[in-house]
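Q: Quick check, what structure comes out for this input:
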Amino acid sequence: MGRLIATVFCALVIWKLFRLNREGEGEVRTSKALWLPTFWLFISSSRNFSEWLHLAPGGGSQRYLEGSPLDRAVLSAVLAFGVIVLLGRARRTGMLLRSNLPILLFFLYCGTSAMWSDFPDVSFKRWFRALGDVVMVLIVLTDPDWVTALRRLFTRLGYVLIPVSILFDRYYPEYGRVFSHSGDPSWTGVATEKNALGVLSLVFGLAFLFYFLQIYREDKSPHRRGRLIAYGTIVAMAFYLLTGSKSATALASFFLAGVPMVLTFLFRWARKPAFVHAMVFGVLGVSISALFLNIGTGMLEEMGRDATLTGRTAIWHAALSLVQNPIVGMGFESFWVGPRYDEMATLTDMPLNQAHNGYIEVFLNLGWIGVALLALVLIAAYGRIVSALRRMTPVASLRLAYFMVAICQNFTEASFKMMHPAWIAFLIAAMAIPDAPRPDELPPLGLGHAGELAHAKPGATRIPVPAGRHNANPVSRKDLLRTRQS
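A: Residues are numbered from 1 along each chain as shown. Next comes the predicted model:
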C-alpha cells in the first residue's frame with residue numbers, strides 16, 4: 001500500500017512541476033524534432049531501452065561486447081530520424097559543422113581507429129552510436145530558438161528522471177538500489193549504478209540551478225513564482241540524490257562547477273577573462289593537488305576517499321600495463337573487450353568496463369594522438385566559453401559549468417564516452433554556438449525573437465536570441481549593440 005501511495009504522490013508531483021513550469025501566452029515554439037534528443041538523453045541518463053523492458057542480455061564481457069539487438073535497432077532508428085532532420089536544416093547544420101572542426105577531427109580519428117581495433121565491427125558500431133551524440137546536440141543547436149530548445153530539453157527530462165529516481169531509491173529498491181562487494185546498498189535511481197545516478201543529478205542539478213537564477217533575475221511574468229518553485233524543487237531533489245548516492249566525484253563537481261557558474265552569472269567582474277582564468281586554474285590546482293599530489297588528503301578523507309581513491313590507482317596501473325600501442329591505442333571503445341576485459345578482472349579482482357579516469361580511458365583506446373586531439377577540443381572549447389562569458393551570450397555560465405564538470409569529473413570517472421550525459425553536456429558547452437544577431441536584426445524589446453539562424457549570411461554563425469523576459473542571460477540591447485560594434 002505504501003508503494004502505491006508513493007507512486008501516486010510522485011506522479012502528482014511530476015504533474016504539478018510541469019504545471020508550474022507553464023510559460024504563458026506568446027512563448028516561442030520549438031521544433032517537434034526536439035523529442036529525438038529528449039529520448040536520446042533519457043536513455044543516456046538512465047538505462048538502456050532493453051533494460052527498461054527487462055530484456056537486457058546477460059552480464060559479463062559477452063554483454064559488453066555484443067550489446068542488445070533491441071537497443072541497436074531503437075537507437076539506430078532515432079539516429080536515422082535525427083540525420084533526416086539535420087538534412088532538412090542543411091544550411092544551419094553546415095554552418096555549425098564548419099565552426100566546430102576540432103570536434104569533427106576528434107570524431108573522425110575515433111572512427112579511423114576502428115581499423116586497427118581487435119574487434120573492428122564492435123568499434124565501428126560504437127563509433128556510429130557515438131555520432132548520435134553529435135547529431136542530437138546539432139538538432140538542439142539548429143532549432144530556430146535553440147536557447148528555448150535547450151531549456152526544454154533539460155526541463156522535460158529533469159521533471160521526470162529526478163523524482164522517479166527518488167521514488168525508486170526509497171520505495172522500489174529492486175530497481176533503485178544495488179549492493180557493493182561489501183554488501184552495503186547504494187542508490188542508483190533510474191540509472192544502473194551510484195556514479196551514474198550522481199552524474200544524472202549533477203548534470204540536471206546544474207541546469208536547473210542556472211534556470212532558477214535566470215528566472216529569479218530576469219522574469220517578471222505572472223508565472224515567475226511557479227517556475228521558481230519548480231526549478232528550486234528539482235535543485236533540492238538533485239542535491240538530495242547527490243548526497244544519497246554517495247558519489248563523491250559528482251558531489252565535488254557540483255560545487256567546483258556550480259560556484260563559477262553562479263559567480264559569472266550574477267557579477268560582471270567575475271566574467272572578466274583574468275578572473276575566469278584564475279577560477280578555472282584554481283579549481284584545477286586544488287583538484288590535482290588533492291587527488292594526485294597527496295596535498296589536502298584530509299579533504300579526500302572528508303569525502304570518503306583514501307590515498308588510493310577507492311582502489312582507482314590500482315586500476316590505472318593495471319590498465320596501463322596492458323597498453324600495446326601507446327601512439328594510436330587499441331581502437332575506439334576497444335580496450336575493455338575480449339581478453340583484456342578478463343585480464344583486468346583478474347588483475348583487479350573486480351569486473352570493469354572503464355578506467356575510472358577519462359584521460360587514461362582516451363589514452364587506452366586512442367593513444368597519445370587521441371589525447372592530443374581531445375586536448376585540442378578542450379582548449380578550443382575553453383577559448384569559446386571565455387569569449388562567450390565576456391560578451392555574456394546565452395547560457396554562457398551554464399557552458400562554463402559543464403566545461404568544469406568535464407575537466408574535473410574525468411579525474412576519477414571516465415565520461416568522455418558515447419551516450420554519457422556529462423559528455424553530451426560537454427558537447428553542448430564545447431560547440432561554437434552561433435553568435436548574437438546584428439543590430440538591425442534585433443526585435444523591439446519584449447516582442448518575439450530575433451529571427452531564424454537560416455536568415456544568416458553564408459559563413460556567419462549567429463543565433464536567434466529570445467527577447468524580453470526570455471533572454472537566456474542578463475544582456476541588454478545596449479550590450480548587444482556594443483558587442484556587435486566591437
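
Q: only C-alpha atoms for contact and neighbour calcs from this point on.
A: Noted.

Q: any weak-confidence spans in the stretch 51-200 of the chain?
A: Counting by pLDDT under 70, the ranges of the stretch 51-200 of the chain that qualify are 55-67, 180-183.

Q: The same query, at a cut-off of 90, please.
A: Within the stretch 51-200 of the chain, the set of residues satisfying pLDDT under 90 comprises 51, 53-72, 144-145, 174, 176-186, 192-194.

Q: Tell me which stretches of it form strands.
A: In the stretch 51-200 of the chain, the strands defined using DSSP state E, counting those that start in this stretch lie at 177-179, 185-187.

Q: which of those strands is buried the deepest?
A: strand 185-187 (a mean of 22; mean count of other Cα atoms under 10 Å).

Q: what sits up against that one?
A: Outside strand 185-187, the residues that touch it by Cα atoms under 8 Å, 6 or more residues apart in numbering are 169, 176-180, 193-194, 197, 244-246.

Q: got CSV for those, with distance to Val405 too?
A: Compiled in CSV, the contacts of strand 185-187 are given as follows (distance: Cα to Cα, whole Å):
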residue, distance to Val405
Asp169, 25
Gly176, 25
Arg177, 25
Val178, 25
Phe179, 27
Ser180, 26
Glu193, 19
Lys194, 17
Leu197, 15
Gly244, 20
Ser245, 18
Lys246, 17
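
Q: show me the contacts for Ile385.
A: Neighbour list for Ile385: 396, 399-400, 429-430 [criterion: Cα under 8 Å, 6+ apart].

Q: tell me which element it is part of?
A: Under the criterion of DSSP states H and E, Ile385 resides in helix 358-391.

Q: Please point out which parts of that helix sit buried.
A: Residues 358-371, 373-374, 376-378, 380-382, 384-391 are the ones in helix 358-391 that count as buried (16 or more other Cα atoms under 10 Å).

Q: Thr412 is in contact with His356, correct?
A: Yes - His356 is within contact range of Thr412, at 5.2 Å (criterion: Cα atoms under 8 Å).

Q: before we move on, back to that, quick one, which of the contacts of strand 185-187 are buried?
A: Counted by 16+ other Cα under 10 Å, those give 169, 176-178, 193-194, 197, 244-246 as buried.

Q: closest to Thr348 among those?
A: Glu193 (19.0 Å; Cα to Cα).

Q: need the contact list for the closest one.
A: 177-178, 186-187.

Q: So of these, which two are at opposite extremes in space?
A: Using Cα to Cα, the pair of these lying farthest apart is Val178 and Trp187, separated by 6.7 Å.

Q: what's the neighbour count on Asp349?
A: 11 (other Cα atoms under 10 Å).

Q: how far away is it from Glu333?
A: Asp349 sits 22 Å away from Glu333, going by Cα to Cα, to the nearest Å.

Q: what's the answer for Phe426, then?
A: Applying Cα to Cα to Phe426 and Glu333 gives a distance of 19 Å.

Q: So for those two, which residue has more residues nearby?
A: Between Phe426 and Glu333, counting by other Cα under 10 Å, Glu333 is the more crowded of the two (29 against 25).

Q: what about the more buried one, which SS state?
A: Using DSSP: H, G, I helix; E, B strand; the rest coil, the structure places Glu333 in coil.

Q: Glu343 in helix, strand or coil?
A: helix.

Q: In TSV, list the buried ones among the contacts of strand 185-187 along with distance to Val8.
A: Shown next, in TSV, are the buried ones among the contacts of strand 185-187 (distance: Cα to Cα, whole Å):
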residue	distance to Val8
Asp169	16
Gly176	17
Arg177	21
Val178	24
Glu193	25
Lys194	25
Leu197	23
Gly244	22
Ser245	24
Lys246	27
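
Q: which one of those residues sits closest to Phe265?
A: Distances from Phe265 to the buried ones among the contacts of strand 185-187, taken as Cα to Cα, are shortest for Leu197 (26.7 Å).

Q: got the strands of the stretch 51-200 of the chain as CSV, with distance to Ile327 columns?
A: Output for the strands of the stretch 51-200 of the chain, formatted as CSV (distance: least, Cα to Cα, whole Å):
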stretch, distance to Ile327
strand 177-179, 38
strand 185-187, 38
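
Q: The residue located most distally from the centre of the chain and Leu400, how far apart?
A: Most distant from the centre of the chain: Met1, at 37.0 Å, with distances by Cα atoms, centre = their mean. Distance, Met1 to Leu400, by Cα to Cα: 45 Å.

Q: what does Arg225 give?
A: Applying Cα to Cα to Arg225 and Leu400 gives a distance of 27 Å.

Q: the more surrounded of these two?
A: Leu400 (28 against 15).

Q: Any chance of the backbone angles for the more buried one?
A: phi -60, psi -40 (degrees, to the nearest 10).

Q: Pull the contacting residues for it.
A: 257, 260-261, 385, 429.

Q: Filter these down to the ones in helices?
A: Those of the contacts of Leu400 mapping onto helices are 257, 260-261, 385, 429, per DSSP state H.

Q: quick one: Pro163 and Ile424, what's the gap?
A: Pro163 sits 22 Å away from Ile424, going by Cα to Cα.

Q: who's more crowded, those two?
A: In this view Pro163 and Ile424 are compared by other Cα under 10 Å, and Ile424 has more residues nearby, 26 against 22.

Q: so what's that one up against?
A: 133-134, 137.

Q: looking at the residues you listed, which has the most residues close by?
A: When neighbours are counted by other Cα under 10 Å, Asp133 leads those with 25 neighbours.

Q: For the residue nearest to Ser387 when sequence neighbours are not counted, grab phi and psi.
A: Using Cα to Cα, 6 or more residues apart in numbering and skipping the chain neighbours, the partner closest in space to Ser387 is Pro273 (7.9 Å). Torsion angles at Pro273 (phi, psi; degrees, to the nearest 10) stand at phi -50, psi -40.

Q: same check, this time on Val328
A: Taking degrees, to the nearest 10 as the convention, Val328 sits at phi -110, psi -10.

Q: OK, contacts around it?
A: 113, 365-370.

Q: Please apply the same query to Gly244.
A: Going by Cα under 8 Å, 6+ apart, Gly244 touches Trp187.

Q: Wait, a helix at it?
A: Yes - applying three-state DSSP, one finds Gly244 inside a helix.

Q: Could you measure from it over to Ser186?
A: Per Cα to Cα, Gly244 is found 8 Å from Ser186.

Q: Checking Ala314 next. Helix, strand or coil?
A: What three-state DSSP gives for Ala314 is helix.

Q: Confirm for me that it is in contact with Asp349.
A: No - counting by Cα under 8 Å, Ala314 does not reach Asp349; the two are 10.6 Å apart.

Q: before we move on, the earlier item: mind putting the contacts of Glu193 into CSV with distance to Ile84?
A: As requested, these are exported to CSV (distance: Cα to Cα, whole Å):
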residue, distance to Ile84
Arg177, 39
Val178, 39
Ser186, 41
Trp187, 38
